[in-house]
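Visitor: A structural model of the following input is requested.
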Amino acid sequence: MRSFFNQFVPAQDCLLCAAACGRRSLCPRCEATLPQLDGPLCPLCAQPLPGGAQHPCGECLRHPPPWQATLAAWRYGFPLDRMIQALKYRHHFGVIEPLVEPLAQLAAARPLPDALLAMPLHRARQRSRGYNQSLLIARALSGRLGVPLLHHACRRTRDTRPQAGLTPTQRRSNLRRAFVCNPCVQGLNIAIVDDIMTSGASLAQLSGALSECGAQRIECWVLARALRTGAS
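Guide: Numbering: from 1, shown residues only. Coordinates of the predicted model:
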């Protein structure tokens, strides 16, 4: 998988400090500054838990999400936010390898799902952007882990407003009935792959559509987790 992406990535300078770094987007020194997601995490939403707890957080106990587990490799913050924005909007595919590596390690340490599913983009947005960054991440994970990638199991039927800047309530309303899945997911354990989990509204709507079509177990695998206010 490393050679697959490297054939499309020219030698470049570090995205943050401009030092030469070959085909990676960060030099080793800047890569060491990436924000780790440390400590015990809620198994359902990947938010940090206080004092070594191993159970779901209070929010997930009060309002259980429509998935069964979340894996997140990084905390969403500087400089990771710049890397993900560069991947999404500026074709910086070299960030995929260093960001996917720890997520693949987390996934390999647990039972693997039957299939991976990238968070779909609406066809209008994908046509405008030229690619789906979540699909690129999912392809990298599929290659590393040997888990099949579902390409046409779900589609986004509504070109919704961007989620950034919306309140949690607005995010849920914006995405209502935005996804349609087909029966090929019935009985499968599926991991949804995305770049960032913020409120989880997109993942919740897609999880609901998968459940309606008979998916047996759903996990969310994300590069980065945005922390709730006050979380550390």
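Visitor: Against which helices or strands is the helix or strand Ser134 falls within packed?
Guide: Using DSSP states H and E, Ser134 sits within helix 133-145. Helix 133-145 sits against helix 80-90, helix 96-108, strand 115-118, strand 149-150, strand 189-197, with contacts defined as 3 or more Cβ pairs under 8 Å, 6 or more residues apart in numbering; DSSP states H and E. From N, CA and C alone the C-beta is placed, and that goes for glycine too.
Visitor: Take those and write them to CSV, including distance to Thr70.
Guide: Formatted as CSV, the helices and strands packed on helix 133-145 follow (distance: least, Cβ to Cβ, whole Å):
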stretch, distance to Thr70
helix 80-90, 17
helix 96-108, 10
strand 115-118, 14
strand 149-150, 19
strand 189-197, 7
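Visitor: Looking at these, spot the one closest to Gly39.
Guide: Ranking the helices and strands packed on helix 133-145 by their distance to Gly39 (criterion: Cβ to Cβ) puts helix 96-108 first, at 14.2 Å.
Visitor: That closest one: which residues count as buried?
Guide: Using 16 or more other Cβ atoms under 10 Å as the test for burial, helix 96-108 gives Ile96, Glu97, Leu99, Val100, Pro102, Leu103, Ala104, Ala107.
Visitor: What is the nearest of the residues you listed to Leu15?
Guide: Leu99 (11.7 Å).
Visitor: Compute the number of surrounding residues for the nearest residue to the closest one once chain neighbours are set aside.
Guide: Nearest residue to Leu99, sequence neighbours excluded (Cβ to Cβ, 6 or more residues apart in numbering): Leu223, at 5.1 Å. When neighbours are counted by other Cβ atoms under 10 Å, Leu223 registers 27.
Visitor: For Pro64, see how far away Leu223 is.
Guide: Distance, Leu223 to Pro64, using Cβ to Cβ, to the nearest Å: 24 Å.
Visitor: any weak-confidence spans in the protein?
Guide: For the chain, the stretches flagged by pLDDT under 70 are 1-11, 52-53, 158-177, 230-232.
Visitor: any chance you could map the strands in it?
Guide: Using DSSP state E, the strands of the chain run over 69-75, 115-118, 149-150, 154-156, 179-181, 189-197, 217-225.
Visitor: now the second one: how far from the chain's centre is it?
Guide: Okay, so that is strand 115-118. 11 Å (Cα atoms, centre = their mean, to the nearest Å).
Visitor: do the last one as well
Guide: Here strand 217-225 is found 6 Å from its chain centre; the criterion is Cα atoms, centre = their mean.
Visitor: Buried ones in that strand, by neighbour count?
Guide: Judged by neighbour count using 16+ other Cβ under 10 Å, the buried positions of strand 217-225 are Arg217, Ile218, Glu219, Cys220, Trp221, Val222, Leu223, Ala224, Arg225.
Visitor: Direction included, what does it pair up with?
Guide: Sheet pairing here is set by DSSP bridges, and for strand 217-225 it gives strand 69-75 (parallel), strand 189-197 (parallel).
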